[in-house]
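K.L.:
following is a predicted model, sequence given first.
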Amino acid sequence: MNNVKSYIKEHKKRFLNELIELLKIPSISADSVYKNDVLKTADEIKISLEKAGCDHVEICKTDGYPIVYGEKILDKNLPTVLVYGHYDVQPSDPLDLWHSPPFEPVIKKTEKHPEGAIFARGACDDKGQMYMHVKALEFMTSTNQLPCNVKFMIEGEEEVGSSNLSIFVKNNQDKLKNDVILISDTGMIAPDVPSITTGLRGLSYVEVEVTGPNRDLHSGLYGGAVANPINVLAKMIASLHDENNHITIPGFYDKVEELSKEERAEMAKAPFSLENYKKALDINAVYGEAGYTTNERNSIRPTLDVNGIWGGYTGEGAKTVIASKAYAKISMRLVPHQDWKDITQLFKTHFESIAPAGVTVKVKPHHGGQGYVTPINSIGYKAASKAYEDTFGKTPIPQRSGGSIPIVSLFEQELKSKTILMGFGLDSDAIHSPNEHFGIFNYLKGIETIPLFYKYFTELSK
């Protein structure tokens with residue numbers, strides 16, 4: 001691509017300022033308090049796409065938050081790239097662990113980001129990575145270098161399960177018709193080690209409720225005589241793993257694919273320091289399923305984790321009480337072939353069956369999605385690989401991610417096209433955590449690399 005580096009250099013300050021303004025809006029989809037902010041963000045994305053060169057942009061209403069759709073169609077005979085991203089962000093709790101307010105972006109240098117990083121909720125997941133595509137389009141249209149058609153679909157409910165996106169996709173297959181889907185909502189191994197995510201885990205998310213007595217009880221008068229829902233819930237959760245950290249739900253592993261020694265050996269080539277990993281998390285040991293490495297545990301193996309647990313008195317001081325109810329939120333990350341609905345039912349059946357007498361248990365499914373694997377011999381993968389080779393000077397490593405983007409498998413099912421995951425974040429960017437950030441180098445490198453994907457995808461499609 002001619003002059004992409006000089007274009008980025010010339011507009012760097014504006015590119016950063018525009019992203020910072022977007023990050024100031026608290027578009028938290030999980031909390032209805034922020035409804036107007038989420039809607040305002042959709043409006044801002046629409047304006048940005050229009051300025052970047054889309055000929056048609058619309059805000060498409062759903063039963064939840066809207067989807068921003070944009071397109072630039074040059075010629076129906078040319079290939080079409082569909083860009084997906086999301087403008088909603090995770091809640092920012094716990095606020096006291098942020099070093100600066102989550103919606104007052106600041107730029108600070110870090111060990112991983114010597115050129116500086118933008119600290120704000122949504123910086124990496126996914127406003128920063130989504131906005132790279134908007135700026136890449138701006139470069140291609142303003143320099144007359146867009147080689148093919150492009151469509152954008154930016155949603156506002158990814159962080160709460162994308163329930164309305166599936167309806168939108170099913171109802172708009174002609175509008176969304178494409179030859180490849182491009183997403184940047186993943187990461188790469190290191191600033192100097194590019195990688196392309198070739199696999200995602202699926203997800204099943206549930207909430208459980210354990211009820212004992214019909215009211216909170218005095219722990220002196222009733223303690224030891226009545227089942228304590230919090231004690232019971234803790235025991236039930238503890239029983240979900242055995243001494244080897246295998247999940248004990250019957251049938252849970254029935255469809256789990258065991259990767260070959262050769263595939264595991266390929267994965268092991270990715271640079272990884274266990275000592276640096278522990279140091280970054282301030283832990284003295286790793287933990288997980290026996291027989292697998294850290295990078296295998298968090299990518300090719302399924303997991304079960306408690307995301308939140310509560311009940312009883314949690315205020316200041318003491319209150320001697322046996323709570324009537326206890327609750328937990330539990331997520332299971334799944335590997336390809338594990339159907340999330342089947343796993344949710346297996347969990348429900350098992351969890352209800354292990355409840356002792358004296359309590360009742362409810363399992364409420366929240367949301368989920370299938371895992372996904374993209375082939376490395378596709379035109380899309382080859383185009384992405386060539387793009388990274390040009391900008392980083394080295395071939396990217398194919399890498400399976402531990403995260404989930406449930407709609408990726410839906411896209412293949414409904415739109416019959418493959419997804420290429422070109423992520424530019426780092427594992428250390430603290431997505432979903434306090435002090436989330438996105439490196440300036442990574443942001444600009446994305447804007448530089450994405451246009452090359454368009455170039456090579458168009459060439460290879462001929």
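P.N.:
Arrived safely.

K.L.:
hang on, residue 182 in a strand?
P.N.:
Yes. Under DSSP: H, G, I helix; E, B strand; the rest coil, residue 182 sits within a strand.

K.L.:
and it, how many residues sit next to it?
P.N.:
Neighbourhood size, residue 182 [other Cβ atoms under 10 Å]: 25. C-beta coordinates here come from the backbone N, C-alpha and C atoms, glycine included.

K.L.:
tell me what it is bridged to.
P.N.:
Note on residue 182: beta-bridge partners by DSSP bridges are residue 83, residue 420.

K.L.:
who's in contact with residue 80?
P.N.:
Residues in contact with residue 80 (Cβ atoms under 8 Å, 6 or more residues apart in numbering) are 73, 148, 149, 150, 151, 177, 178, 179.

K.L.:
which of these lies closest to residue 43?
P.N.:
Checking the contacts of residue 80 against residue 43 with Cβ to Cβ, the nearest one is residue 151 at 19.4 Å.

K.L.:
confidence score at the closest one?
P.N.:
Residue 151 is assigned 99 on the pLDDT scale.

K.L.:
follow-up on the earlier one: now the contacts of residue 80: which count as buried?
P.N.:
148, 149, 150, 151, 178, 179 (16 or more other Cβ atoms under 10 Å).

K.L.:
which residue sits closest to the second one, ignoring its sequence neighbours?
P.N.:
Meaning residue 149. residue 80 (4.1 Å; Cβ to Cβ, 6 or more residues apart in numbering).

K.L.:
what does the last one give?
P.N.:
Closest residue in space to residue 179, ignoring its immediate chain neighbours: residue 79 at 4.4 Å, by Cβ to Cβ, 6+ apart.

K.L.:
quick one: residues contacting that neighbour.
P.N.:
148, 149, 179, 180, 457, 458, 461.

K.L.:
now for residue 364, which secondary structure element holds it?
P.N.:
strand 360-369 (DSSP states H and E).

K.L.:
now that strand - C-alpha only, CSV.
P.N.:
In CSV, the C-alpha atoms belonging to strand 360-369 read as follows (Å, rounded to 0.1, in the frame of the first residue of the first chain):
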residue,chain,number,x,y,z
THR,A,360,-33.7,-26.2,46.8
VAL,A,361,-31.6,-25.3,43.8
LYS,A,362,-32.4,-23.2,40.7
VAL,A,363,-30.2,-23.0,37.6
LYS,A,364,-30.8,-20.1,35.3
PRO,A,365,-29.1,-20.2,31.9
HIS,A,366,-27.9,-16.7,30.7
HIS,A,367,-26.2,-17.0,27.3
GLY,A,368,-23.7,-18.9,25.4
GLY,A,369,-22.1,-19.7,22.0
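
K.L.:
buried residues in that strand, which are they?
P.N.:
361, 363, 366, 367, 368, 369.

K.L.:
repeat that for stretch 427-443.
P.N.:
For stretch 427-443, the neighbour count (16+ other Cβ under 10 Å) marks 427-431, 434-443 as buried.

K.L.:
before we move on, back to that, can I get the buried residues of strand 360-369 in a markdown table including distance to residue 236 and pLDDT?
P.N.:
Converted to a markdown table, the buried residues of strand 360-369 look like this (distance: Cβ to Cβ, whole Å; pLDDT from 0 to 100):
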| residue | distance to residue 236 | pLDDT |
| --- | --- | --- |
| 361 | 8 | 98 |
| 363 | 11 | 98 |
| 366 | 18 | 91 |
| 367 | 22 | 86 |
| 368 | 21 | 89 |
| 369 | 25 | 87 |
